[in-house]
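Visitor: sharing a model prediction with you, sequence too.
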Amino acid sequence: MLNKMITLGLLLGLAVGLSAAMTGNSVLHTIARESAPLGSLFINAIKMVVIPLVVSVIFASVARLGDPRKLGRIGGLSLAFYWVTLIPAIIIGMGVMAFGLRFAPQLNMPNVEAVEVPELPSITDFLVSLIPANPFAAASSGAILPLIVFTALVAAAAGTLPEERRLRMITASEDVSEALIKLVWWILYTAPIGIFGLVAPATALLGWGLIQSLGIFIVSVLAGLLILMVCVFLPLLYFIAKMGPSRFLKGTVGAASIAFSTTSTAAAIPVSLEESQNNLGVSETVSELLIPLGASMYRPGSALFQGAAIVFLAHIYNVPVALSAAGAVILATFLVSLTVAPVPSSSVVTMAPALDAIGVPVAGLAIMLGIDRIPDMMRTTVNLYGQISAAVLIDTRTPVEDSTFSSPVGEEIEPIP
C-alpha cells in the first residue's frame, strides 16, 4: 500500500508540474511552488535519521560476525568474494549510467538546497581523512564516511570481546536500530506528500526533460543488472563451479520469485536454503552460513543501483564528478552497500554518504524514492542470485570437511529481519 501511495504522490507531482509547464496556468504554478516546503520537511526528516541508522546497523552487522578468526576458511572466502564482486557492480552501475546520460536532455534543477562541491583532496589526504580525529565532530559536521569507518572498526573490536559482552552490545545496537527503523516507517508514510512537494516544482520548471531522464535512468539500471549477471555471476558459476546458466536459473526460480515480489532476500531465505541444497547441491553447512549472511550484508544489485543513481543525480544537479572523486564515491557505496538498513527502498535512503562525498543535494533521494519500485524488484532479485552464487562457489572451493567453521558461529549470524 505504501508503494502505491508513493507512486501516486510521484504521478500527481509529475501531472501538476507538467501541466503547469505546458499550459502556463498561474494556479498550477502556485500549487507547485507552494508545495516545495513539504518536500523540504520530508528531506530534513530523512537526513535527521540517516546518520544514527547507518551507524547502528553497521555496528550490529559487523559485530555480529564475532572474531573474524572464528569464521574459518568458509567465512574468509565469502567475505573476500563479497568485497571483490561489489566493486565491479558499482563500476558497472556508474558506467552504464554515464553511457545512458548521453541520450538524456540537459536539466537545470531548482535550487532545493545549496550545492557546494567540496575541494577534492589528494589520494593521501583522502585516506587520512577516513580516520576521524574526533568521530563526534565528524557526525555533527555530516562527514558520514569517516564515521562509517570508525563504526566498523569499533564493531570489529567488539566482535573479539567475550560472547556475553559482545551480545549485550549487539542487542543494544539492534534495539536502537529497531527504534530508528520505526521512525523511518513514520517518515516514509509522509513520503507521498513530500515527493509531491519535490517533484511538482521541479517538473513545472523542467517539463518533459525530467520525465525522459527518469526513464533513461530506469532502463540503464536494468541494463546494468543484466550485465552484472551475464558478465560476472554466470561466468563465475560456469568456469569455477561448472554449473550452467540454465541449471542455476531453473534451480532458483522459487527463491527468485519471492525476492522479486517482496523486494526482500531475507523473506526468501527458507526457499533459498531448500533450493540451494536440493537443486544446486550446496552442502548444508555452507548454505546455512552463507545464505543468511548474504541476506544480511551482500547486495550487489543494490550497490550497482546506488552507483548508477549517484551518477544520475550528479548529472541532473550539474555537479561534476572528477576521476579522483569517483574513488570516494565507490568507497562510500561499497561500505554502505554491505550494511543496507532493512527498510523499504533502503538502498535509496542510505545513499546519503556517497552523495555527501561529491556534494550532490540529498533532495535527489526523493526523486529516486518515487521511481524505485521497478528497480527495487529487479535489484533484489539480482541480490538473491549473487547470494546463492556465493554459496555455490564457496562450496565448490571449500569442502565441508576442511572447514574450520563451527555451528555456534552460524547461530550467531542471523539475517536482518
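Guide: Structure received.
Visitor: which stretches in the stretch 151-300 of the chain count as helices?
Guide: For the stretch 151-300 of the chain, the helices defined by DSSP state H, counting those that start in this stretch cover 163-189, 191-206, 208-228, 234-239, 245-251, 253-262, 269-278, 284-297, 300-316.
Visitor: Throw those into JSON lines and include mean neighbour count, thanks.
Guide: Placement of C-beta: from N, CA and C, glycine included. As requested, the helices of the stretch 151-300 of the chain are exported to JSON lines (neighbours: other Cβ atoms under 10 Å):
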{"stretch": "helix 163-189", "mean neighbour count": "16"}
{"stretch": "helix 191-206", "mean neighbour count": "25"}
{"stretch": "helix 208-228", "mean neighbour count": "19"}
{"stretch": "helix 234-239", "mean neighbour count": "15"}
{"stretch": "helix 245-251", "mean neighbour count": "15"}
{"stretch": "helix 253-262", "mean neighbour count": "18"}
{"stretch": "helix 269-278", "mean neighbour count": "19"}
{"stretch": "helix 284-297", "mean neighbour count": "24"}
{"stretch": "helix 300-316", "mean neighbour count": "28"}
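Visitor: which of the ones you listed sits closest to residue 62?
Guide: Between residue 62 and the helices of the stretch 151-300 of the chain, the shortest separation by Cβ to Cβ is 8.6 Å, and it involves helix 284-297.
Visitor: that closest one - what's its average pLDDT?
Guide: Mean pLDDT, computed over helix 284-297, is 76.
Visitor: begin at 101 from here
Guide: Happy to do that; since the first residue is 101 now, the last one works out to helix 384-397.
Visitor: how far does it sit from its chain's centre?
Guide: Between the centre of helix 384-397 and the centre of its chain there are 19 Å (Cα atoms, centre = their mean, to the nearest Å).
Visitor: now do stretch 395-410
Guide: 4 Å.
Visitor: at the geometric centre of the protein, which residue sits there?
Guide: For the chain, the residue nearest the mean C-alpha position is residue 447 (3.0 Å; Cα atoms, centre = their mean).
Visitor: which ones are touching the nearest residue to residue 186 once chain neighbours are set aside?
Guide: Spatial nearest neighbour of residue 186, chain neighbours left out: residue 403 (5.0 Å); criterion: Cβ to Cβ, 6 or more residues apart in numbering. Going by Cβ atoms under 8 Å, 6 or more residues apart in numbering, residue 403 touches 186, 189-190, 193, 433-434, 437.
Visitor: rewinding a little: so the residue nearest to the centre of the chain touches residue 407, yeah?
Guide: No. At 10.7 Å, residue 447 and residue 407 do not qualify as touching, with contact defined as Cβ atoms under 8 Å.
Visitor: returning to what we had before: how about the helices of the stretch 251-400 of the chain, which one is nearest residue 111?
Guide: Of all the helices of the stretch 251-400 of the chain, helix 291-306 sits nearest to residue 111, with 9.1 Å by Cβ to Cβ.
Visitor: which helices and strands sit right next to that closest one?
Guide: In terms of contacts (3 or more Cβ pairs under 8 Å, 6 or more residues apart in numbering; DSSP states H and E), helix 291-306 is packed against helix 102-123, helix 126-134, helix 136-163, helix 308-328, helix 464-470.
Visitor: rerun that using 6 Å as the cut-off
Guide: helix 102-123, helix 126-134, helix 136-163, helix 464-470 (3 or more Cβ pairs under 6 Å, 6 or more residues apart in numbering; DSSP states H and E).
Visitor: and residue 387, how far is that from residue 451?
Guide: 31 Å (Cβ to Cβ, to the nearest Å).
Visitor: pull the distance from stretch 233-249 to the chain's centre.
Guide: Taking Cα atoms, centre = their mean, one finds the center of stretch 233-249 at 20 Å from the center of the full chain.
Visitor: just the residues contacting that stretch, thanks.
Guide: Counting contacts by Cβ atoms under 6 Å, 6 or more residues apart in numbering, the residues outside stretch 233-249 that touch it are 151, 230, 232, 250, 432, 435, 453, 456.
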